[in-house]
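S.K.: Build me a model:
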Amino acid sequence: MDPHLLRTFVAVARLASFSEAARELGYTQSAVSQHIAALEQDLGAPLLGRRPVAPTAAGERLLEHAGPLLLRLEAARAEVVRMAAAPEHGLTLAAAPTALGSRVVAALPVAGVTVRVLPREAIPAAVATGTADLGLVDGLAAPSDPLRLPDVAPLTTHGVGEEPVCVLVPGTHPLARRTGLRLSDLADARWLDAPDAGLPLTQLRAANGGRGFRPALRYEGTDVRVLTALAAAGHGLTALPRSAASGVPGAVAVPVSRPRVVHRTELVYAGRPGGAAARLADVLVERA
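M.R.: Prediction:
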């Protein structure tokens with residue numbers, strides 16, 4: 001299967017338009033139509049309805065495979081390019097906002113570093129495709145248990161930190177005087193849904209047997225300070241690593257006592273990092 005044809009198909013299906021896909025890809029509309037026809041002939045099945053432009057049942061199934069296939073190709077290309085690159089170059093670190101603790105920041109080189117704060121789900125793909133040399137992902141886990149990461153490419157992971165999980169509540173909240181909280185007691189509380197800034201509600205729900213944790217407000221950003229301000233103002237509860245939840249004006253960080261869970265941070269990289277990336281990886285793993 002020609003990956004160029006597959007990329008064209010994905011673009012047309014995503015944009016629901018041959019002309020828009022042609023504009024995005026830099027092709028003529030005729031070329032896009034020829035790509036789709038060639039792919040349909042190769043697979044022996046219609047992939048797109050024309051009026052409106054929408055995937056057929058076979059096209060929907062192909063789309064399920066297309067993303068991982070194209071990502072694997074990008075990952076393979078990126079790894080070969082890395083192997084041929086000069087050994088010393090700048091460092092790009094992709095990280096979830098709550099993975100950038102003070103220990104990580106202190107370990108960064110003094111120059112030549114780019115830090116990209118990304119949604120958690122985007123970090124493995126950024127590392128696999130070479131847009132980041134290293135990645136730092138985090139999430140809720142049982143002590144010493146690895147995180148479950150998407151299988152986007154062969155990646156190496158190392159646990160580089162674990163710390164307690166806290167629920168951030170306003171200082172006037174009835175729970176603010178508690179010394180510990182059970183997640184099951186909070187399943188019906190008002191929660192902030194901030195999947196890219198705090199610990200995602202999906203992870204809290206999974207830790208509670210798949211129940212509860214309905215959002216009262218959704219925050220679609222990566223700034224932890226905005227999230228903590230929303231919690232302090234009483235818009236809902238949020239779960240954070242202790243280092244991010246402590247010292248927030250007008251709010252109290254109450255530890256989660258049950259179940260036994262931690263905020264875990266893992267280092268992610270592809271192949272064998274070199275230069276500044278290798279040195280930072282060594283420091284983070286050694287200090288874990």
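S.K.: Could you list which residues are in contact with Ala13?
M.R.: 48, 53-55, 59, 63 (C-beta atoms under 8 Å, 6 or more residues apart in numbering). (Glycine included, C-beta is placed from N, CA and C.)
S.K.: What of Leu69?
M.R.: Going by C-beta under 8 Å, 6+ apart, Leu69 touches 3, 6.
S.K.: Helix, strand or coil: sort out it for me.
M.R.: helix (DSSP: H, G, I helix; E, B strand; the rest coil).
S.K.: How much space separates it from Thr129?
M.R.: Separation of Leu69 from Thr129 (C-beta to C-beta, to the nearest Å): 13 Å.
S.K.: wouldn't Arg7 be in contact with Leu25 here?
M.R.: Yes: judged on C-beta atoms under 8 Å, Arg7 makes contact with Leu25 at a distance of 7.4 Å.
S.K.: For Val115, see how far away the residue lying closest to Gly112 once chain neighbours are set aside is.
M.R.: In this structure, Gly112 finds its nearest non-sequential neighbour in Gly90, 4.2 Å apart by C-beta to C-beta, 6 or more residues apart in numbering. Note on Gly90: its distance to Val115, by C-beta to C-beta, is 12 Å.
S.K.: Equivalent analysis for His4, please.
M.R.: Note on His4: its distance to Val115, by C-beta to C-beta, is 34 Å.
S.K.: Ok, Pro55 next?
M.R.: 38 Å.
S.K.: With Pro3 instead?
M.R.: 31 Å.
S.K.: out of those two, which sits in the more crowded spot?
M.R.: When Pro3 and Val115 are compared for neighbours, Val115 comes out ahead with 15 against 12, by other C-beta atoms under 10 Å.
S.K.: tell me which residues in stretch 136-153 are buried?
M.R.: If you call a residue buried by 16 or more other C-beta atoms under 10 Å, then stretch 136-153 has these buried ones: 136-141, 147, 149-150, 152-153.
S.K.: just stretch 34-41 next, same as before
M.R.: So, applying 16+ other C-beta under 10 Å, buried residues of stretch 34-41: 35-36, 39-40.
S.K.: From these, which land in helices?
M.R.: Members of the buried residues of stretch 34-41 lying in helices (criterion: DSSP state H): 35-36, 39-40.
S.K.: Could you save these as CSV and add columns showing pLDDT and distance to Leu204?
M.R.: Supplementary listing: those in CSV, determined by pLDDT from 0 to 100; distance: C-beta to C-beta, whole Å:
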residue, pLDDT, distance to Leu204
His35, 91, 44
Ile36, 92, 43
Leu39, 90, 42
Glu40, 89, 44
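S.K.: Go through those residues and name the one nearest Gly161.
M.R.: Among those, Leu39 lies closest to Gly161 (C-beta to C-beta), at 45.4 Å.
S.K.: Stretch 251-264 spans what distance, first to last residue?
M.R.: 23 Å (C-alpha to C-alpha, to the nearest Å).
S.K.: lowest-pLDDT helix or strand in the chain?
M.R.: helix 57-84 (a mean of 79; mean pLDDT, DSSP states H and E).
S.K.: That'll do, ta.
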